[in-house]
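Chemist: how would this look folded up:
(4 chains)
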Amino acid sequence: MVEYTKTEFLIACASSHVKDGEMVFGGTGMPLLAALLAKETHAPRSNLISEAGFIDARPREVPLSVADTRYYYGCSASIGLIETLGFLLQAGRIDVGFLGAAQIDEYGNLNTSYIGPYEAPKVKLPGSGGGNDIASSAKRLIIMMSHDKRKFLKKLDYMTSPGYLDGPGGREKWSLVGGGPEIVITDMCQMDFDSATKKIRLKSVHPGFTVQDVQENVMFDLIIPDDVPTTDEPTQEQLDIMRKLDPNGIYLGKGG
Amino acid sequence: MVEYTKTEFLIACASSHVKDGEMVFGGTGMPLLAALLAKETHAPRSNLISEAGFIDARPREVPLSVADTRYYYGCSASIGLIETLGFLLQAGRIDVGFLGAAQIDEYGNLNTSYIGPYEAPKVKLPGSGGGNDIASSAKRLIIMMSHDKRKFLKKLDYMTSPGYLDGPGGREKWSLVGGGPEIVITDMCQMDFDSATKKIRLKSVHPGFTVQDVQENVMFDLIIPDDVPTTDEPTQEQLDIMRKLDPNGIYLGKGG
Amino acid sequence: MTEAEVEDKRITLAEAAKMVNDGDGLFWGGFGYQRAPIAFAHELVRQKKRNLTVYTCGSEVDLEIMAGAGVATRYEIAFSAIEALGLSYNIRRRVSEGKLQVEDYTNLAMAMRFLGGALNVPFMPLRSMMGTDMVNLKRYRGDDKLKVIDCPFTGDKICLVPSLQPDYSIVHVQRVDKLGNAQIDGIVGEDLEGARCGKKLIVLAEELIDTSEIRTRPSQTKIPAMYVDHVVILPYIAHPMMCHDYYDYDLEHLMMFHKMTQTEEGWQEYLDNFILGVDNHYGYLNLVGWENLHKLRATKPWGY
Amino acid sequence: MTEAEVEDKRITLAEAAKMVNDGDGLFWGGFGYQRAPIAFAHELVRQKKRNLTVYTCGSEVDLEIMAGAGVATRYEIAFSAIEALGLSYNIRRRVSEGKLQVEDYTNLAMAMRFLGGALNVPFMPLRSMMGTDMVNLKRYRGDDKLKVIDCPFTGDKICLVPSLQPDYSIVHVQRVDKLGNAQIDGIVGEDLEGARCGKKLIVLAEELIDTSEIRTRPSQTKIPAMYVDHVVILPYIAHPMMCHDYYDYDLEHLMMFHKMTQTEEGWQEYLDNFILGVDNHYGYLNLVGWENLHKLRATKPWGY
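Modeler: Sure thing, here's the model as predicted:
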């Protein structure tokens, strides 16, 4: 039996959603490792782009910042923000964006800005960064979140980044370039979106969790299909590769 | 007595209007030689900029094109059009622009586009190029034209570049960045503009010409001050320098 | 990192020109005498393309060729002339004949239209053109030539020019790898924005460079491969114009060209000899002569 | 060509910071861990500046320092956190205390606002932010935060963000000559637009380069001298962040900083020791230790 940590599981899971030849906005952390893992396995011609300006990057060590020089050497172009967020992303040339969030609603809208009321916030979160730009314009969005009932809300404290907004036609009304969220990966399950209602739907539960576990940990009505499979586990090859990519456990954790 | 050609006279005359430390849009031809001459004489810290992207240029041979590589080596930055026409010119950072024209009216508006009606032009001229941009945004404009009655008109066939438009307040109405034309240099005279009416006014006549010569060769009412001096002749030093700048007579002419 | 099997985007000049359909719009690279895609203009003429619309700031010999041969019928440009030599006679004739329509913009306006297209926004704001006939008089674009509005923030008048995303961008560079990563030496003019605004991009380059070399100097990549659809590699693409660090302009040829275009007969003779009379770009270069071409090679460090 | 007597724009860090007036707005250069003008933030703190507004996409330690020390009271930014480590605790506390107001934009929106300022147009169009609270909720800018309009060409919704021309632009680069011609290695983030949008520009550089060397490689000049008002030359300006090709980030110091800022007491201790407790930037570097600093030097060809 393959042994892995929760983080490793999530990275392998996210990696499986990157397709060969795709342009991927990688960032840092788990999304970066997922993108690198995809490139090393089933998507060798995928292209890793950092929003700070690195294009077609292949870092030999994992970067801590989207602007980290570790992204530079060996990439095929190194320019700036207007290039990556404007000429590439806003022009509809980016296939996949990864985003995390502190809160998500049933339409896949995300909050990365404030906990509590806008006028007197309890917690100031990092803000959009390029997140809203990515959510507005990437063809597909992969969302990674830790699973906590207080994060899966009927109404966000603040909507930083667009999912499907208020449902069908929501994105079209604002002429958004991108297609919206495709998948939400948590430490309990994967969720996708019902094409008719644009509402979030359970897709698979991770080993060790049940449909009921998931239902008890969201604060909106989750669409549950009749057949909910168990999420695939990572392969030994995937684990070996990601441990080689992050030998110091910067993102995988020291216990990796 | 100093001997010079008409072209040399005009270049020296234009050169005298460039001040030390100024940012000058040079282009090619006579304006380029005028700018280079100014830098070699009374304006050593003036900065020659070519709209194609060369900044602080000091060509060792006269360029034929604003994009000529002769502008490159020794300049302090080499970028592109958005830099020169947008970040520098439109942002109000260019002190002096030089323009030529096929037609001019009494407010200093210029035609470099069409002779004859717009719908069925008799002659298609080069068009604006960066001319309208320069006329809109440079702090001061130096206009150089050959003196021909058919070129000094009450009404242009086509207004390509703004002088003072329809007179006082004309430029302000359109929030134009630059200050408008300062001087018009022809092969007969220099003209400037009356600050109250924004109308063209005789400033000096070149040696060999009279006020009457000029009056007979414009098709609008030219303001004539009581005292019209004769334009200064070029010095031997100026002539030596410009002949050194253009030893093959590319712009000075072979008979230089 | 495993090197994935990479796509080779190289095709011939004839194959590249063949992709352009009659009626297409083209962003046309180069500025003034610099990096003009002359070889591509020649091939469009040889393939008898029709009704093209060309978008550029200020091109010279190439615009003359495409107007003269009837390949292009619409120009959205700021400038046409042969700098230092004089008027564009072919364009002048075709305009008077009603066979060519020129929609007039300024250099900055065209550069902003390419920038807007690259950014995928529908317009860009501009402080030029206002108050003149460039705003008042319009040809086939009609009211979509531009709009002057009151700025919703400041109340000032501001000119909005419509962004461009033409069918193809045609750009000439010094070096490219087979994936399409392109390096440009010297000034870029409006080519960075222009390369990024087209629906498809064809890069013409003087030389092939290996991808491994591209990856050691990523800051030198002026056009990343992901914008590039096809790559054509040929020498002296810009002749008789110049290519920074590679070769100077051919002033003698240029003056001959300009003189011949003074009359329709002269132009037709040039067209028959130098463009239709040869099979391809090498045929043209053979006609110009390799000894002549060699004399134009650039001298370091001057770049011409 | 005669070389004219040239202006020497070099001044000290203290002189540079002194020019900034209480209440001024600053474009703040660097992106994430790269080329952050930390030394300038320290000096603003030592000179007890107040009520500054800072404009940037996403800065990290420097924004924490300026918010924590009460130097800045308004941020127009897209992002604040210490990437890979976690939240910005100082900013979080100052926001909760009502001592800091953050007007929220996206990275692209801020980059476009700097581009618009550099171009001297009052706004730039954008396809992000629409449909979300980033459009609906506003702080001190009120209705001038942005406008969503119907595009006059296409009818599509489009977001207009107001351009920025702050009192000063503060940019950190690798090399500069005494006239101000600046070379940047590696990515530029939003610094090209940011450097050009300020009413005045202060360039901080790791090294002096001779003007004659600048003139042999004009394409390497990322910020021409004519934009530059003052030049400050110092080593390790970005510490504990990184400077491409010069030094890596100091992860140990960074983690210590992040940990100490978890509490107000911890932050005050860091402030007292590393910023107020030293006379100037060399005092700070002495405290960090030159042996430590030397270990951070970049290795070729990696640049870190």
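
Chemist: A:K198: what's it in contact with?
Modeler: A:107-108, A:163-164, A:167-168, A:170, A:180 (Cβ atoms under 8 Å, 6 or more residues apart in numbering or on different chains). No exception for glycine: its C-beta is placed from N, CA and C like everyone else's.

Chemist: Tell me who's in contact with the nearest residue to it once chain neighbours are set aside.
Modeler: Counting by Cβ to Cβ, 6 or more residues apart in numbering or on different chains, A:K198 lies nearest to A:Y164, which is 3.7 Å off, once chain neighbours are set aside. Neighbour list for A:Y164: A:107-109, A:170-171, A:180-181, A:193, A:198 [criterion: Cβ under 8 Å, 6+ apart].

Chemist: Apply 7 Å and report the result again.
Modeler: Neighbour list for A:Y164: A:107-108, A:170-171, A:180, A:193, A:198 [criterion: Cβ atoms under 7 Å, 6 or more residues apart in numbering or on different chains].

Chemist: quick one on the thing from earlier: any of the contacts of A:K198 buried? List them.
Modeler: A:107-108, A:163-164, A:170, A:180 (16 or more other Cβ atoms under 10 Å in any protein chain shown).

Chemist: Tell me how many other residues surround C:H258.
Modeler: 22 (other Cβ atoms under 10 Å in any protein chain shown).

Chemist: Report the distance from the helix or strand harbouring it to the chain centre.
Modeler: When elements are assigned from DSSP states H and E, C:H258 belongs to helix C:251-260. Centroid separation for helix C:251-260 versus its chain: 20 Å, with Cα atoms, centre = their mean, to the nearest Å.

Chemist: cool, and stretch A:168-183?
Modeler: With Cα atoms, centre = their mean, you get 17 Å for stretch A:168-183.

Chemist: got the contact list for that stretch?
Modeler: So stretch A:168-183 is in contact with A:17, A:90, A:92, A:108, A:136-143, A:162-165, A:190, A:192-193, A:197-198, C:120, D:127, D:130-131, D:156-157, going by Cβ under 7 Å, 6+ apart.

Chemist: and those, which of them are in helices?
Modeler: Within the contacts of stretch A:168-183, residues falling in helices by DSSP state H are A:136-137.

Chemist: Just the buried residues out of the contacts of stretch A:168-183, in PyMOL syntax.
Modeler: Buried residues among the contacts of stretch A:168-183 (16+ other Cβ under 10 Å), as a PyMOL selection:
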select buried, (chain A and resi 17+90+108+136+137+138+139+140+141+142+143+162+163+164+165+190+192+193+198) or (chain C and resi 120) or (chain D and resi 127+130+131+157)
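
Chemist: so of the contacts of stretch A:168-183, which ones are in strands?
Modeler: Mapping the contacts of stretch A:168-183 onto strands (DSSP state E) picks out A:140-143, A:190, A:192-193, D:157.

Chemist: Would you agree A:Y73 falls within a strand?
Modeler: No - counting by DSSP: H, G, I helix; E, B strand; the rest coil, A:Y73 falls outside a strand, being coil.

Chemist: In this structure it contacts D:P301, no?
Modeler: Yes - in this structure, A:Y73 is within contact of D:P301 by Cβ atoms under 7 Å, at 5.6 Å.

Chemist: If you count surrounding residues, which of the two has more?
Modeler: Each of A:Y73 and D:P301 has its neighbours counted (other Cβ under 10 Å); A:Y73 has more, 21 against 11.

Chemist: residues near A:E40, how many?
Modeler: For A:E40, using other Cβ under 10 Å, the count is 20.

Chemist: That one contacts A:R243, correct?
Modeler: No - the pair A:E40 / A:R243 is not scored as a contact, 11.8 Å apart, by Cβ under 7 Å.

Chemist: which ones are touching the residue nearest to C:P301 when sequence neighbours are not counted?
Modeler: Spatially, and ignoring its direct neighbours in sequence, C:P301 is nearest to B:Y73 (5.6 Å; Cβ to Cβ, 6+ apart). B:Y73 sits next to C:301-303 when contact means Cβ under 7 Å, 6+ apart.

Chemist: how about a cut-off of 8 Å?
Modeler: Contact analysis of B:Y73 by Cβ under 8 Å, 6+ apart lists B:60, C:301-303, D:215-216, D:218.

Chemist: Buried ones among the residues you listed?
Modeler: C:302-303, D:215, D:218.

Chemist: any idea which of the contacts of A:Y164 is the one closest to B:F220?
Modeler: If you rank the contacts of A:Y164 by distance to B:F220 using Cβ to Cβ, A:R171 comes first, at 58.6 Å.

Chemist: thinking again about what came up before, distance of the residue nearest to A:K198 from A:E106?
Modeler: When distance is defined by Cβ to Cβ, to the nearest Å, A:Y164 is 9 Å away from A:E106.

Chemist: For the residue nearest to A:K198, give me phi and psi.
Modeler: phi -100, psi 20 (degrees, to the nearest 10).

Chemist: For chain A, which segments are assigned as helices?
Modeler: Using DSSP H, helices in chain A cover A:6-15, A:29-40, A:81, A:131-137, A:170-173, A:211-216, A:236-245.

Chemist: which helices and strands does the third one pack with?
Modeler: To tie it back to what came earlier, the one meant is helix A:81. For helix A:81, the packing partners by 3 or more Cβ pairs under 8 Å, 6 or more residues apart in numbering or on different chains; DSSP states H and E come out as helix D:107-119.

Chemist: and the angle for the helix it packs on with helix C:107-119?
Modeler: In terms of direction (axes from the mean of the first three to the mean of the last three Cα atoms, to 10 degrees), helix D:107-119 departs from helix C:107-119 by 180 degrees.

Chemist: where does chain A dip in pLDDT?
Modeler: For chain A, the stretches with pLDDT under 70 are A:254-256.

Chemist: cutoff 50 now
Modeler: Scanning chain A for pLDDT under 50 picks out A:255-256.

Chemist: What residues does the stretch 151-300 of chain C have near chain A?
Modeler: C:179, C:181, C:196, C:211, C:214-216, C:218-219, C:221, C:224-227 (Cβ under 8 Å from any Cβ of the partner chain).

Chemist: what two of the residues you listed are the furthest from one another?
Modeler: C:R196 and C:T216 (23.7 Å).

Chemist: C:Q101 contacts C:T73, correct?
Modeler: Yes - C:Q101 lies in contact with C:T73 (Cβ atoms under 8 Å); the separation is 6.8 Å.

Chemist: got the residue ranges for the helices in chain C?
Modeler: C:13-19, C:38-46, C:61-68, C:89-96, C:107-119, C:133-136, C:191-197, C:211-216, C:251-260, C:264-270, C:281-288, C:290-295.

Chemist: possible to save these as JSON lines with mean pLDDT and distance to A:A120?
Modeler: Below are those laid out as JSON lines (pLDDT from 0 to 100; distance: least, Cβ to Cβ, whole Å):
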{"stretch": "helix C:13-19", "mean pLDDT": "98", "distance to A:A120": "59"}
{"stretch": "helix C:38-46", "mean pLDDT": "98", "distance to A:A120": "62"}
{"stretch": "helix C:61-68", "mean pLDDT": "98", "distance to A:A120": "62"}
{"stretch": "helix C:89-96", "mean pLDDT": "97", "distance to A:A120": "65"}
{"stretch": "helix C:107-119", "mean pLDDT": "98", "distance to A:A120": "37"}
{"stretch": "helix C:133-136", "mean pLDDT": "98", "distance to A:A120": "49"}
{"stretch": "helix C:191-197", "mean pLDDT": "98", "distance to A:A120": "44"}
{"stretch": "helix C:211-216", "mean pLDDT": "95", "distance to A:A120": "50"}
{"stretch": "helix C:251-260", "mean pLDDT": "97", "distance to A:A120": "71"}
{"stretch": "helix C:264-270", "mean pLDDT": "98", "distance to A:A120": "75"}
{"stretch": "helix C:281-288", "mean pLDDT": "98", "distance to A:A120": "69"}
{"stretch": "helix C:290-295", "mean pLDDT": "98", "distance to A:A120": "73"}
